[in-house]
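**Student:** below are the sequence and a predicted model for it; my questions follow.
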Amino acid sequence: MAMNPGNLVDSRALRTNTPSMMIILQRFLLQPFKSVLRLADPTMRTSTNAAADLVELATNPALDQGGFYSLLSKTESAPDSYNEEVQEKIWTQTMNWAGITEQNIGLGALLQ
């Protein structure tokens, strides 16, 4: 199961290891005007709301269907997400960035 949590106006990604302009944008535009901005983008919300939906998806047997969810609605993910060649490239690059090799993890069989 995968979930699009929405556009998180209070995301730590907008405050940590981020250019100063993004921090200012988050603090003085996104946070104070999130109610108005939500009219243009219904997925704009807080991480608290996203966390509540994630718990709902994880614990509600009626939603235990697997697949991709945008907020609490089951939907199709991007077409590229079904492309196994793209998946393999992303997986390989992610392992490179993280420094994961068969030699430094106990799950070497998963890398084959």
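**Tutor:** Thanks, I have the structure now.
**Student:** counting residues, name the longest helix you see in this protein.
**Tutor:** helix 84-98 (DSSP state H).
**Student:** just how off-centre is that one within its chain?
**Tutor:** 17 Å (CA atoms, centre = their mean, to the nearest Å).
**Student:** likewise stretch 30-39?
**Tutor:** With CA atoms, centre = their mean, you get 20 Å for stretch 30-39.
**Student:** mind saving the C-alpha coords of that stretch as PDB?
**Tutor:** These are the backbone C-alpha positions of stretch 30-39, laid out as PDB (Å, rounded to 0.1, in the frame of the first residue of the first chain):
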ATOM      1  CA  LEU A  30       1.800  28.700   3.500                       C
ATOM      2  CA  GLN A  31       1.100  28.400   7.200                       C
ATOM      3  CA  PRO A  32      -0.900  31.600   7.700                       C
ATOM      4  CA  PHE A  33      -2.900  31.300   4.400                       C
ATOM      5  CA  LYS A  34      -3.400  27.500   4.300                       C
ATOM      6  CA  SER A  35      -7.200  27.800   4.600                       C
ATOM      7  CA  VAL A  36      -7.300  30.100   1.600                       C
ATOM      8  CA  LEU A  37      -4.700  28.100  -0.400                       C
ATOM      9  CA  ARG A  38      -6.700  24.900   0.200                       C
ATOM     10  CA  LEU A  39      -9.500  26.400  -2.000                       C
END
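**Student:** list of residues touching that stretch?
**Tutor:** With contact meaning CB atoms under 8 Å, 6 or more residues apart in numbering, stretch 30-39 is reached by 9, 10, 14, 44, 45, 46. The C-beta positions use only the backbone N, C-alpha and C, and glycine is treated the same way.
**Student:** got the residue ranges for the strands in this protein?
**Tutor:** Along the chain, the stretches classed as strands by DSSP state E are 2-4, 7-8, 44-45, 68-70, 73-75.
**Student:** in JSON lines: those strands, plus mean pLDDT and distance to residue 60.
**Tutor:** Listed next are the strands of the chain as JSON lines, based on pLDDT from 0 to 100; distance: least, CB to CB, whole Å:
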{"stretch": "strand 2-4", "mean pLDDT": "88", "distance to residue 60": "13"}
{"stretch": "strand 7-8", "mean pLDDT": "86", "distance to residue 60": "21"}
{"stretch": "strand 44-45", "mean pLDDT": "88", "distance to residue 60": "19"}
{"stretch": "strand 68-70", "mean pLDDT": "89", "distance to residue 60": "11"}
{"stretch": "strand 73-75", "mean pLDDT": "89", "distance to residue 60": "12"}
